[in-house]
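Trainee: Based on what follows, work out the 3D shape:
(one chain, ligands or ions: 1)
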Amino acid sequence: MIVDSVLTNAKAYLNKEIVDCNLAIENGKIFKIGKETHMPKADETINLRNLLVLPGLIDVHVHLRDEGKAYKEDFYTGTAAAAVGGITTVLDMPNNAPVTMSAETLKNRVQIAKRKALVNVGFYSEFPTNSDEVASIVAEGAVAFKLFMACQIGGLNIDDDEALQEAFRKVGELDVSVAVHAEDKAMLMDAEEKLKKTMRHDAAAFLKAHSERVELKAVERLLKISPKTNMHLHFCHITTKPGLDAVVEAKKSGRAVTCEVTPHHLLLSNKDFERYGSLLAMMPPLRSKSHIEALWKGIADGWVDVIGSDHAPHAFEEKSASSIWEVKVGVPGLETTLPLMLTMTRKNRLSLVQVVSLLSEKPAEIFNLTDRGRLEQGKKADLVAIDFNQKFTIDASKFHSKAKYSPYDGWEVQGKPVKTFVNGLLIMDEQEIVAKAGSGGIIRRDRA
Ligand SMILES: [Zn+2]
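Mentor: Numbering: from 1, shown residues only. Predicted structure coming up:
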């Protein structure tokens, strides 16, 4: 038999150990892992020259934009950024123009992504106005639902507990996960209005409005109204100690609850926000040192399930309005997450085992992407080859994302993604895209 390719001289992450080995790839999957003498003949041999090979990263929190927001990012530029960052699968958030919240809007997004994507893309949907439509959205392939509690984005009235419960029942029956942005709308709007009346338009005012209580209130409300069984609730970007504690309590009581933290909430603080201003505006916002330490402890203790980039690109002008309330929130993250987290392994904040768990294995498990997330025979050949020792400086002007700015611009990091393979195909080589638009795959829940 002649397989599609053999990758030689890999130092691959297999079952929590780094093993000198070779990987044979056939038809997009890992066909065999072993010694060079045991490899089948191949159409192509790629010598990885002792690069560290990890399962490709799975980023479950990405805003790829496109359509009405294509000036911020599109499926090509966003997935190019992912490939360069060693990320082989992304889950796309639904706050688009139009909002992904029907079978039709989802179908349309899938069609566009098919032509442009370089990595695997799966899709979240917002909840539709009529929860009877949930089933048709799932049938169209939505991987999960997203619920944004800070302001009204989808069709489901977030002020109405009964409507939320009805929607949760529907997704529970279909065994689909719900990912939530946990900030309480009423509390947030109230605080924001009061601050605006006193002419506050500064970063400190934004922090005051997006208080830790705003996060805790939303977490507690969702835990209270969601069913105790038969439903998986995933909390996106938890940022505070009380918020994380509430999630941990729910986990301890046996609830099917998981949570995410982002690199920016781990690496940047409210002081950075007040110093550098609107570029660092995020929702939820950057927090104080004690909260940051609580998140790191949550990782160390195994309570945090995933790290997601929350890649949220905007046009540069949108990040620099004079009033903080007008600034678009979020920063790009696809190209920096892996180098930053590898750098944290040098600072003993994380182990490589935790990096792989948080960025590949757990995301695959939680979102039912069962054919990915590990280097094993039979799994999809999604992998990233890394020069673990290479130091470099983050240069946002060279990003593949349309958003060419970053809070980490100029940071020295160590550990560079050198080659990214998606479904067995080399997509990125030496930080250049080497595959055609549309080489990536579409992940549909029914095929997951
Ligand atoms: Zn987001």
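Trainee: quick one, helices of the stretch 1-150 of the chain?
Mentor: 75-84, 103-116, 134-139 (DSSP state H, counting those that start in this stretch).
Trainee: Let me know the angle separating the longest one from helix 75-84.
Mentor: Taking axes from the mean of the first three to the mean of the last three CA atoms, to 10 degrees, helix 103-116 and helix 75-84 form an angle of 60 degrees between their directions.
Trainee: the helices in the stretch 201-350 of the chain, which residues?
Mentor: For the stretch 201-350 of the chain, helices defined by DSSP H, counting those that start in this stretch occupy the ranges 203-209, 212-225, 241-252, 263-267, 270-276, 289-300, 337-346.
Trainee: What are the buried residues along the last one?
Mentor: Looking back up the chat, that one is helix 337-346. 337-345 (16 or more other CB atoms under 10 Å). C-beta here means a position set from N, CA and C on the backbone, and glycine is covered the same way.
Trainee: Name the residues of stretch 367-383 that are buried.
Mentor: For stretch 367-383, using 16+ other CB under 10 Å, the buried residues are 367-369, 371-375, 379-383.
Trainee: my bad, should have said stretch 399-406
Mentor: For stretch 399-406, by 16+ other CB under 10 Å, it's 399-403, 405-406.
Trainee: coming back round to it: got the helices of the stretch 1-150 of the chain as CSV, with mean pLDDT, mean neighbour count and distance to Leu358 columns?
Mentor: Formatted as CSV, the helices of the stretch 1-150 of the chain follow (pLDDT from 0 to 100; neighbours: other CB atoms under 10 Å; distance: least, CB to CB, whole Å):
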stretch, mean pLDDT, mean neighbour count, distance to Leu358
helix 75-84, 98, 29, 17
helix 103-116, 98, 18, 25
helix 134-139, 96, 20, 27
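Trainee: Now render the ones you listed as TSV, adding distance to Lys196.
Mentor: Shown next, in TSV, are the helices of the stretch 1-150 of the chain (distance: least, CB to CB, whole Å):
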stretch	distance to Lys196
helix 75-84	33
helix 103-116	33
helix 134-139	36
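Trainee: mean confidence score for stretch 150-158?
Mentor: The average pLDDT within stretch 150-158 is 95.
Trainee: tell me how far the ends of it are from each other?
Mentor: Stretch 150-158 has an end-to-end distance of 9 Å (CA to CA, to the nearest Å).
Trainee: Buried ones in that stretch, by neighbour count?
Mentor: 150, 153-156, 158.
Trainee: And for stretch 214-229?
Mentor: Here stretch 214-229 shows 214-223, 226 as buried, counting by 16+ other CB under 10 Å.
Trainee: From the chain's centroid, how far away is that stretch?
Mentor: Distance of stretch 214-229 from its chain centroid, counting by CA atoms, centre = their mean, to the nearest Å, is 22 Å.
Trainee: Numbering from 674 from now on, please.
Mentor: Fine by me, first position is 674 from now on; the one you just mentioned is stretch 887-902.
Trainee: Now tell me what touches that stretch from outside.
Mentor: 820, 822-823, 834, 837-838, 841-842, 845, 851, 853, 855-857, 860-861, 864, 906, 908, 911-913, 915-916, 919-920, 923, 928-930, 957 (CB atoms under 8 Å, 6 or more residues apart in numbering).
Trainee: Please work out which residues outside the helix or strand containing Glu835 touch it.
Mentor: Element membership of Glu835, judged by DSSP states H and E, is helix 834-846. For helix 834-846, the surrounding residues in contact (CB under 8 Å, 6+ apart) are 800, 804-805, 807-808, 811, 818, 820, 829-831, 850-851, 894, 898-900, 903-904.
Trainee: Can you get me a residue count around Gln1063?
Mentor: 15 (other CB atoms under 10 Å).
Trainee: just Ala1037 next, same as before
Mentor: 23.
Trainee: for it, helix, strand, or coil?
Mentor: helix (DSSP: H, G, I helix; E, B strand; the rest coil).
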